[in-house]
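Student: Turn this into a structure:
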Amino acid sequence: MKNLDTSIQYIKGVGPQMSRILARLSINTVLDIFYYLPFRYEDRSNFTAISDLKVGDIAAVKGEVKTLGNVKTKRGIDIFQLALDDTSGIIYGVWFNQPYLKKFFKPGQKIIMHGKIERYDKLQINHPQYEVLKGDESDSIHVGRIVPIYHLTQDIAQRYLRTIVYRAMSEYLKCTEEMLPTKLLARNKLVDINFALRNIHFPAKDENLKRAYKRIVFDEFFTLQLAVALKRKELSADKRGVGHIIDKEMARNFARNLPFELTEGQKRAMESIEGDMKSTRPMNRLIQGDVGSGKTVLAAYALLLTVGNGNQGAIMAPTEILAEQHYVTLTRLLMEYDVNIVLLMQGLTPKTKRETLDDIRGGRADIIIGTHALIQEGVEFKNLGIIVIDEQHKFGVSQRAHLLRPVISKASNGESAQAVPDTLLMTATPIPRTLALTVYGDLDISSIKELPPGRGEITTYWISDSEREKVYNFLREQIQKKRQAYIVCPRLEETGSLAVKSAKFMHEEFKERIFKDLKVGLIHGKMDSSKKESVMKSFKKGNIDILVSTVVIEVGIDIPNASVMVVENAERFGLSQLHQLRGRIGRGPYESYCILISDAQKEGAQKRMGAMTESGDGFEIAEEDLKLRGPGDIFGTRQHGLPEVRFGDVVRDMEIMELARKEAFLLIDKDPELKSYENRFIKDNLDKRFKGRLGLARVG
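Tutor: Okay, here's the model as predicted:
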């Protein structure tokens with residue numbers, strides 16, 4: 001019985017030996033070859049009259065074979081040639097050392113040839129693509145149509161693979177079953193799967209190819225969004241949240257007591273946090289916003305809500321100095337409230353650490369701030385209601401999960417219940433819309449796009465290495481105004497290339513020669529934590545004028561006095577990374593300057609430099625970064641377990657992604673376990689097509 005799992009070796013012209021070669025392309029079954037899609041197409045459908053041909057043209061001609069024969073040159077080269085006549089003129093097809101071709105042709109045949117037009121005494125195409133027409137010309141697959149071009153491996157020719165795909169289609173396409181409901185297809189103006197597969201390989205016209213592409217990509221994105229929808233369901237299924245009671249009067253007092261007015265973005269995020277925290281399902285929200293957009297205020301509010309409900313709150317930061325900064329900030333923001341805030345870090349004395357752990361265990365510590373120390377052995381919360389994770393991408397999945405273990409907590413109805421703490425993630429790296437719909441699709445996302453008033457403007461310049469002296473003069477001027485500066489280098493040590501500046505070299509150069517009258521410091525990732533913390537504290541106190549650094553300062557503390565950043569070899573940094581580095585300055589009221597030193601030659605690097613000078617908006621930068629990196633890089637940003645995207649372009653095909661997301665979430669909302677007959681058919685087909693990558697086996 002014929003089916004799509006049939007081994008490819010049973011297609012005419014394959015056999016055991018060629019099937020082993022096709023396996024290098026991951027083509028093992030008929031289904032595999034159906035979804036081995038062309039990476040481009042050549043339009044060979046428009047024929048040119050031989051009398052209109054020009055030397056150098058790439059053209060397709062159709063005509064009748066008049067004469068043919070083999071000739072051997074004095075050097076022993078076999079030449080086979082045929083004369084093709086289309087009534088407007090004659091052109092010759094010429095093949096070298098392929099005398100066997102003579103048996104494929106005979107006078108009077110109708111054939112199509114395609115290739116580059118040349119003239120050596122006569123008009124000719126050397127080694128043309130050709131096809132002999134037999135009956136219905138629409139069955140031509142190599143010339144005279146839009147022709148698919150596939151990626152190849154050694155020992156497989158383009159013409160051979162195209163023929164195998166065509167034979168598989170002719171014999172097995174009727175075995176393909178439609179997995180999507182008729183109503184869904186109609187709603188989204190999608191063609192059926194048979195039409196899509198035939199026309200993605202052998203489109204009769206350009207419009208058919210577009211419709212086929214939309215359907216194939218929709219199927220892939222639909223699978224992806226089903227996984228996202230199922231993941232969201234799984235996160236909330238059978239898990240009880242704390243179910244906070246929201247005290248509206250406290251919320252109003254909190255906003256009134258702030259020394260500044262909340263932005264509209266902060267107000268919207270605050271309302272979303274309230275809605276999540278009063279739900280009986282655990283909150284799973286990400287707050288994204290540029291450096292300095294006011295995310296910590298929202299964390300303070302969420303922590304205050306949980307403490308007001310008799311629970312504890314924790315905030316985990318990637319570095320000790322950032323944890324200390326949060327301690328100072330939260331103490332200032334919550335000074336009007338009876339809240340006990342403690343700091344849990346590596347450097348505590350044994351006595352202080354023991355007392356802090358006792359306070360956490362006994363519930364006397366309301367808000368606990370720390371780094372990885374929060375998940376070490378011996379840290380036991382009495383009733384953790386919320387965990388805030390700052391710069392969440394700096395922590396592993398297992399580290400985040402450790403804090404989300406269910407805890408005994410009072411639910412909103414007053415009863416004790418096994419509850420999962422709410423989670424609030426914060427990031428200063430804005431997430432492009434594409435990632436928000438896919439990799440981060442299991443999270444609710446709040447975006448803060450405005451910056452609070454009173455922040456200094458940052459102006460970005462891109463200059464060449466030859467203008468370095470101007471930069472040094474500018475640095476000196478700024479330091480004379482009592483400002484401070486960062487110098488960021490792409491590497492720590494020299495590697496033989498003087499063109500790439502190392503942090504150690506620049507530190508010595510500044511300290512011993514260029515700025516020997518100034519205080520120059522050095523910080524890098526190979527320093528132990530205590531040394532790094534010491535350097536940053538010294539910089540914050542103003543004991544360092546110029547801090548030479550690697551990217552270790554990408555996530556750091558507020559130093560309002562730092563107004564200049566110079567990035568050496570800026571072409572060696574990614575766009576989002578450059579923007580994050582730039583966020584280290586402009587934290588105070590002073591005008592600030594980011595100077596990118598780069599002799600970038602490559603187009604991609606030049607576009608990155610251009611984007612940095614043109615925009616200071618992190619959301620714009622994130623979208624541009626995604627465009628420049630391309631879709632192949634997208635899913636490397638998070639451990640997500642989602643199906644691989646092979647066919648669609650998640651940037652270019654955003655409209656199809658949104659259609660697929662709407663349909664997938666609608667489906668899972670109506671039938672979360674895919675139990676209905678119609679949906680089980682979808683489940684079976686998707687699981688078969690994507691070989692279990694979707695992970696649907698655990699439901700239903």
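
Student: Now tell me what touches the helix or strand hosting L84 from outside.
Tutor: Using DSSP states H and E, the secondary-structure element containing L84 is strand 78-85. Applying C-beta atoms under 8 Å, 6 or more residues apart in numbering, the contact partners of strand 78-85 are 50, 61, 63-73, 90-99, 101-102, 105, 111, 113, 124. All C-beta spots, glycine's among them, are computed from the backbone N, C-alpha and C.

Student: residue ranges of the helices in the stretch 351-500 of the chain, please?
Tutor: 397-403, 433-437, 468-480 (DSSP state H, counting those that start in this stretch).

Student: Including mean neighbour count, could those go into JSON lines?
Tutor: Below are these laid out as JSON lines (neighbours: other C-beta atoms under 10 Å):
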{"stretch": "helix 397-403", "mean neighbour count": "14"}
{"stretch": "helix 433-437", "mean neighbour count": "20"}
{"stretch": "helix 468-480", "mean neighbour count": "15"}
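
Student: right, and the ones you listed - which one's nearest F39?
Tutor: helix 433-437 (21.2 Å; C-beta to C-beta).

Student: Just name whatever secondary elements the closest one is in contact with.
Tutor: With contacts defined as 3 or more C-beta pairs under 8 Å, 6 or more residues apart in numbering; DSSP states H and E, the packing partners of helix 433-437 are helix 618-629, helix 654-670.

Student: and those, which is most packed in?
Tutor: Sort the helices and strands packed on helix 433-437 by mean neighbour count, taking mean count of other C-beta atoms under 10 Å, and helix 618-629 sits at the top with a mean of 20.

Student: May I see the buried residues of stretch 89-100?
Tutor: I90, I91, Y92, G93, V94, W95 (16 or more other C-beta atoms under 10 Å).

Student: that older thread, lowest average confidence across the helices of the stretch 351-500 of the chain, which one?
Tutor: Of all the helices of the stretch 351-500 of the chain, helix 397-403 carries the lowest average pLDDT, namely a mean of 51.

Student: Can you list the low-confidence ranges for the chain?
Tutor: Scanning the chain for pLDDT under 70 picks out 1, 135-139, 235-238, 392-418, 452-454, 496-498, 554-556, 630-644, 685-700.

Student: related to what we said a few turns ago, just the CA coordinates for the strand holding L84, please, in CSV.
Tutor: Extracted in CSV, the C-alpha atoms of strand 78-85 (Å, rounded to 0.1, in the frame of the first residue of the first chain):
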residue,chain,number,x,y,z
ASP,A,78,34.3,14.7,-28.7
ILE,A,79,31.8,17.4,-29.6
PHE,A,80,28.1,16.6,-30.0
GLN,A,81,26.0,19.3,-31.5
LEU,A,82,22.5,19.8,-32.8
ALA,A,83,20.8,22.5,-34.8
LEU,A,84,17.6,23.9,-33.5
ASP,A,85,15.2,25.8,-35.8
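
Student: Who are the packing partners of the next helix-or-strand element following that strand?
Tutor: Beyond strand 78-85 in the direction of the C-terminus, DSSP H and E gives the next helix or strand as strand 90-96. When contacts are defined as 3+ C-beta pairs under 8 Å, 6+ apart, strand 90-96 sits against strand 58-72, strand 78-85, strand 110-120, strand 122-126.

Student: I'd like to know which of the ones you listed is closest to S272.
Tutor: So among the helices and strands packed on strand 90-96, strand 58-72 is nearest, using C-beta to C-beta, at 56.9 Å.

Student: what sits against L68?
Tutor: F80, Q81, L82, A83, K102, F105, K106, P107.

Student: need those in JSON lines with neighbour count and distance to V191, can you?
Tutor: JSON lines is the format used below for the contacts of L68 (neighbours: other C-beta atoms under 10 Å; distance: C-beta to C-beta, whole Å):
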{"residue": "F80", "neighbour count": "20", "distance to V191": "43"}
{"residue": "Q81", "neighbour count": "19", "distance to V191": "44"}
{"residue": "L82", "neighbour count": "25", "distance to V191": "40"}
{"residue": "A83", "neighbour count": "18", "distance to V191": "43"}
{"residue": "K102", "neighbour count": "15", "distance to V191": "43"}
{"residue": "F105", "neighbour count": "16", "distance to V191": "38"}
{"residue": "K106", "neighbour count": "11", "distance to V191": "40"}
{"residue": "P107", "neighbour count": "11", "distance to V191": "43"}
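
Student: Tell me how many other residues surround S88.
Tutor: 13 (other C-beta atoms under 10 Å).

Student: Quick check: closest non-adjacent residue to it.
Tutor: Nearest non-adjacent residue to S88, counting by C-beta to C-beta, 6 or more residues apart in numbering: S51, 3.9 Å away.

Student: Columns distance to F218 on top of the helices of the stretch 351-500 of the chain, output as a markdown table?
Tutor: Formatted as a markdown table, the helices of the stretch 351-500 of the chain follow (distance: least, C-beta to C-beta, whole Å):
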| stretch | distance to F218 |
| --- | --- |
| helix 397-403 | 30 |
| helix 433-437 | 14 |
| helix 468-480 | 51 |
